[in-house]
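> Provide a 3D model corresponding to the input given below.
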Amino acid sequence: MATPTRITAAAAVPLLLAASACGASDPYSEGGAAGGSDGALVVGSADFPESTLLANIYAQALENAGQEVETKLNIGSREVYYDQIESGNLSVLPEYNGGILLYLDQEAEPGDQEETDKRVEEALPDGLSILDSSAAENKDSVTVTRKTAEDDDLAEIGDLADVAGDMVLGGPPEFESRPQGVPGLEKAYGVEFERFESLEPALLPQALTDGDIQAANLFTTDPAIATEDLVTLEDPENVFGAQNVVPLIHDASVDDAAREALNAVSAELTTDELAALNERVSIEHESAADVAADWLQEKGLA
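Here you go, the predicted structure:
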């Protein structure tokens, strides 16, 4: 994921958003205008490229469905925008089910999509809901090069158990100690690496392809996975939990037609597609609005 900082596993997105708040431009901090004009839906986003891209997709899908829409993009962290959607100043936000769950309940256990969605619905206050989750996830992973995967016959994280002792795992500093990081890999899969190398997120793909590390903690929508032909190992024990993209809505602001339009987006969006869209925005520097429009056209949602 092309993001300004690195994050935790199931808590990945929430911590990212918290960290990115330092550079956020909070439109409400000085009493900025609240809500949309004349009943328009207000689609917001956090301040990292994937969130802005998803907000553009939501906004254009709603417009294509005949809704009046305004956008407030790059608002900042969840600590900034959550109160705004709870109050109705925002109508719709792209969220991650695991991320919003841990924001609401820091003791929540990782689960699959269905379990996580149910826990989110139970944890949300009256007046807020999530709609249908997409198949698209932005979550932590253990990723290796294609050659390493083929040489060592690796498909799942557990396949590393017999070879990890000769490998260096690279990742952000927090991955070494958090429960969904190195300790979680050891506990769930019995995988113990020779050592852990703390690296900046932007350096991980090159370190992997250069052979400085043999496995890396990358996000599943990191464009480098596709551009460098990397292999993300399956996580059948669900150490990293669910992080499905899902619309978070202010109930009173979003009518049935708008909900249908947002659910239609979720029905089409996959992790591979989101990674490809991120590549266009973050590596090829295309406009998020243009990329969103192309994807909606391709899916018959324009």
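
> residue 280 contacts residue 286, doesn't it?
Yes - with contact defined as CB atoms under 8 Å, residue 280 and residue 286 form a contacting pair (4.6 Å). The C-beta positions use only the backbone N, C-alpha and C, and glycine is treated the same way.

> give me the more crowded residue out of those two.
Applying other CB atoms under 10 Å to residue 280 and residue 286 shows that residue 280 carries more neighbours, namely 18 against 14.

> which strand or helix spans that one?
helix 271-282 (DSSP states H and E).

> next secondary structure element downstream of that helix?
helix 288-298.

> what angle separates that following helix from helix 271-282?
150 degrees (axes from the mean of the first three to the mean of the last three CA atoms, to 10 degrees).

> the helices in the protein, which residues?
Applying DSSP state H to the chain gives helices spanning 12-20, 49-64, 78-87, 97-104, 113-123, 146-151, 182-189, 204-210, 223-227, 256-268, 271-282, 288-298.

> ranking those by burial, who's on top?
helix 97-104 (a mean of 27; mean count of other CB atoms under 10 Å).

> what packs against that one?
helix 12-20, helix 78-87, helix 113-123, strand 245-250 (3 or more CB pairs under 8 Å, 6 or more residues apart in numbering; DSSP states H and E).

> mind putting those into JSON lines with distance to residue 145?
Shown next, in JSON lines, are these (distance: least, CB to CB, whole Å):
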{"stretch": "helix 12-20", "distance to residue 145": "22"}
{"stretch": "helix 78-87", "distance to residue 145": "34"}
{"stretch": "helix 113-123", "distance to residue 145": "29"}
{"stretch": "strand 245-250", "distance to residue 145": "27"}
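
> out of the ones you listed, nearest to residue 215?
Closest approach to residue 215 among those (CB to CB): helix 12-20, 17.4 Å.

> what sits closest to residue 238 if chain neighbours are left out?
Distance criterion CB to CB, 6 or more residues apart in numbering; nearest residue to residue 238, sequence neighbours excluded, is residue 110 at 5.8 Å.

> show me the contacts for the one you found.
Residues in contact with residue 110 (CB atoms under 8 Å, 6 or more residues apart in numbering) are 9, 10, 98, 116, 180, 238, 239, 240, 241, 242.
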